[in-house]
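K.L.:
Pasting the sequence and the predicted model now:
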Amino acid sequence: MEQYAIKGGNPLVGEVEIGGAKNAALAILAASVMTDETVLIENMPDVRDTNVLLQAMESIGVIIERVDRHTVKINGAHINGLVIDGDYIKRIRAGYYLLGALLGKYKKAEVAFPGGCNIGSRPIDQHIKGFKALGANVDIAHGLIKAEAEHLRGGHIYMDVVTVGATMNVMMAAVMAEGQTIIENAAKEPHVVDLANFLNSMGANIRGAGTDVIRIKGVQKLHGTEYTIIPDQIEAGTFMFAAAVTRGDVTVKNVIPKHLESISAKLIEIGCEVEESDDAVRVVASKRLNHTQVKTLPYPGFPTDMQPQIAVALGLSSGTSIVTESIFENRFKYVDELTRMGASIKVESNTAIIDGVDRYTGASITAPDLRAGAALVIAGLAAEGITTIDEIRYIERGYEDFPQKLRTLGAQIEVVDTEKDLQKFKLRVG
């Protein structure tokens, strides 16, 4: 089974290019089937989640043409089925975006109940509430979510909690509903704005994305477009914290610094230098980091997807830090793995109390989910000795060419498949 082998101790230095945002790409790919005309999407990340979604779309007759690794042409004119139930689609969470897209276009869809990382309860009740407010009947049976409507009519929807997935899914269903839809307490994340911009480029009429009230006037049909996906805020943040943890100097290129403000602010607070330019951010860590407190919140607060990465950094900081997770209740599964590396962390309910230690040491550990897996890689890069990480398929769900990008910054990391490969790696890195 493939694993990462890492020899820690090298500061990361250099420049790294950030790819397209996975969380934006998944919704945009699904929404591209809402027109019968061809859609060209650029800056698409080549990661496991996007590839699984494209496979699911092909299974119902969507024509997919890979122009190059990060560019795809999509035509949804010849969709021949509205049931998406392959084993592969159950492995990712974003399959549910096809529900909103197909419901909007055909007034009917069935999609397998979503999977993805087990980071806690991720109910889809707000998706269902939104679809019902537009006039759809929603039923869950035999592991499928089925939504159907004779007519979709605009509605007024107040989200009980701020939820990115439901905001985007209901937005897709509403763009071709009759009349006006208002979504209140909407998520404000950059990928919500990106999906709205994409749909508007196809002829939708969406206003207010990026605020907590989104207004949508239904249109009869959408047309083809060419669109470039925004850079990935979480990939960028992961490399920014990799610089901090390894006491490095990394310039993260092809980013929107505005999207990274909550991350940059915490890095400055714990003692890093952060320099912003138009489309790049440089992080320099020249001394031991300071302790702080952080609470995950919906955008523009500190992202839940960056919580494991900041915890790894705070584990090596001076003093005691407190990390409060307010989005998902099962997001501290990496703590046991980090403790094997010498971290001193106590979890009580949704709070981690972190006493900084002088160093991590290499260990054999397992990635419990996507973001925690990436955070453990960063810990391995800072640790003394060799670290091996199993279950790297989680990390590959959302990070393109992760080991290669780290190697360009001076990291000693390789994918190994056998004990023999691992021994070769150990000999090579001394």
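P.N.:
That came through fine. Residues are numbered from 1 along each chain as shown.

K.L.:
Going by C-alpha atoms from here, please, whenever you check contacts or count neighbours.
P.N.:
Fine.

K.L.:
Identify the residues contacting residue 275.
P.N.:
By CA atoms under 8 Å, 6 or more residues apart in numbering, the contact list for residue 275 reads 281-283.

K.L.:
ditto for residue 302
P.N.:
By CA under 8 Å, 6+ apart, the neighbours of residue 302 are 262-263, 294-296.

K.L.:
beta partners for it?
P.N.:
For residue 302, the beta-bridge partners are residue 296 (DSSP bridges).

K.L.:
And it, how close does it get to residue 236?
P.N.:
14 Å (CA to CA, to the nearest Å).

K.L.:
Helices of the stretch 251-400 of the chain, residue ranges please.
P.N.:
With DSSP state H, counting those that start in this stretch as the criterion, the stretch 251-400 of the chain has helices at 261-269, 307-314, 335-340, 370-382, 393-396.

K.L.:
Pull the third one out as CSV, backbone CA atoms only.
P.N.:
Written as CSV, here are the backbone C-alpha positions of helix 335-340 (Å, rounded to 0.1, in the frame of the first residue of the first chain):
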residue,chain,number,x,y,z
VAL,A,335,-4.3,14.3,17.7
ASP,A,336,-3.5,10.6,18.6
GLU,A,337,-1.1,10.5,15.5
LEU,A,338,0.5,13.8,16.4
THR,A,339,1.0,12.6,20.0
ARG,A,340,3.0,9.6,18.6
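
K.L.:
lowest-confidence helix or strand of this protein?
P.N.:
strand 83-84 (a mean of 87; mean pLDDT, DSSP states H and E).

K.L.:
Listing partners with orientation, what would you give for that strand?
P.N.:
For strand 83-84, pairing defined by DSSP bridges yields strand 108-112 (parallel).

K.L.:
what's residue 355 in contact with, if anything?
P.N.:
Contacts of residue 355 by CA under 8 Å, 6+ apart are 315, 317-321, 343-345.

K.L.:
go again using 7 Å as the cut-off
P.N.:
315, 319-321, 344-345 (CA atoms under 7 Å, 6 or more residues apart in numbering).

K.L.:
hmm, which two among those are most spread apart?
P.N.:
Using CA to CA, the two most remote members of these are 319 and 345, lying 12.1 Å apart.

K.L.:
Of the two, which one has the most company?
P.N.:
Taking neighbours as other CA atoms under 10 Å, residue 319 and residue 345 compare with residue 345 leading, 22 against 15.

K.L.:
in the stretch 301-430 of the chain, which spans are strands?
P.N.:
320-324, 344-348, 351-355, 364-366, 386-390, 412-416 (DSSP state E, counting those that start in this stretch).

K.L.:
Check the stretch 1-150 of the chain too.
P.N.:
3-7, 13-17, 38-42, 63-68, 71-75, 83-84, 108-112, 137-141, 144-148.

K.L.:
May I see those strands organised as TSV, with mean neighbour count and distance to residue 93 added?
P.N.:
As requested, those are exported to TSV (neighbours: other CA atoms under 10 Å; distance: least, CA to CA, whole Å):
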stretch	mean neighbour count	distance to residue 93
strand 3-7	24	23
strand 13-17	18	26
strand 38-42	21	21
strand 63-68	14	21
strand 71-75	20	21
strand 83-84	22	13
strand 108-112	24	10
strand 137-141	13	16
strand 144-148	21	13
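
K.L.:
Tell me which of these approaches residue 55 most closely.
P.N.:
Closest among these, once you apply CA to CA, is strand 63-68, at 8.9 Å.

K.L.:
Okay, now the sheet partners of that closest one, with direction.
P.N.:
When DSSP bridges is applied, strand 63-68 pairs with strand 71-75 (antiparallel).

K.L.:
one step back: is it possible to export the contacts of residue 355 to TSV including distance to residue 158 and pLDDT?
P.N.:
Listed next are the contacts of residue 355 as TSV, based on distance: CA to CA, whole Å; pLDDT from 0 to 100:
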residue	distance to residue 158	pLDDT
315	39	98
319	42	98
320	39	98
321	36	98
344	42	98
345	38	98
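
K.L.:
and of these, the nearest to residue 430?
P.N.:
The closest of these to residue 430 turns out to be residue 315 (CA to CA; 26.4 Å).

K.L.:
wouldn't that closest one be in contact with residue 354 here?
P.N.:
Yes. Counting by CA atoms under 7 Å, residue 354 is a contact partner of residue 315 at 6.0 Å.

K.L.:
Now do the shared contacts for these two.
P.N.:
residue 344.

K.L.:
Please say which of these two ends up with more neighbours.
P.N.:
More neighbours surround residue 315 than the other of residue 315 and residue 354, with 29 against 26 (other CA under 10 Å).

K.L.:
how close does the nearest residue to the more buried one once chain neighbours are set aside sit to residue 335?
P.N.:
Using CA to CA, 6 or more residues apart in numbering and skipping residues adjacent in sequence, the residue nearest residue 315 is residue 356, 4.6 Å away. Taking CA to CA as the measure, residue 356 falls 14 Å from residue 335.

K.L.:
likewise residue 295?
P.N.:
Distance of residue 295 to residue 335, given as CA to CA: 17 Å.

K.L.:
Give me the helices and strands touching the helix or strand containing residue 157, please.
P.N.:
Assigned by DSSP states H and E, residue 157 belongs to strand 156-158. Contacts defined by 3 or more CA pairs under 7 Å, 6 or more residues apart in numbering; DSSP states H and E place strand 156-158 against strand 180-184.

K.L.:
Without its sequence neighbours, what residue ends up closest to residue 163?
P.N.:
residue 187 (5.6 Å).

K.L.:
Tell me the secondary structure at the one you found.
P.N.:
coil (DSSP: H, G, I helix; E, B strand; the rest coil).
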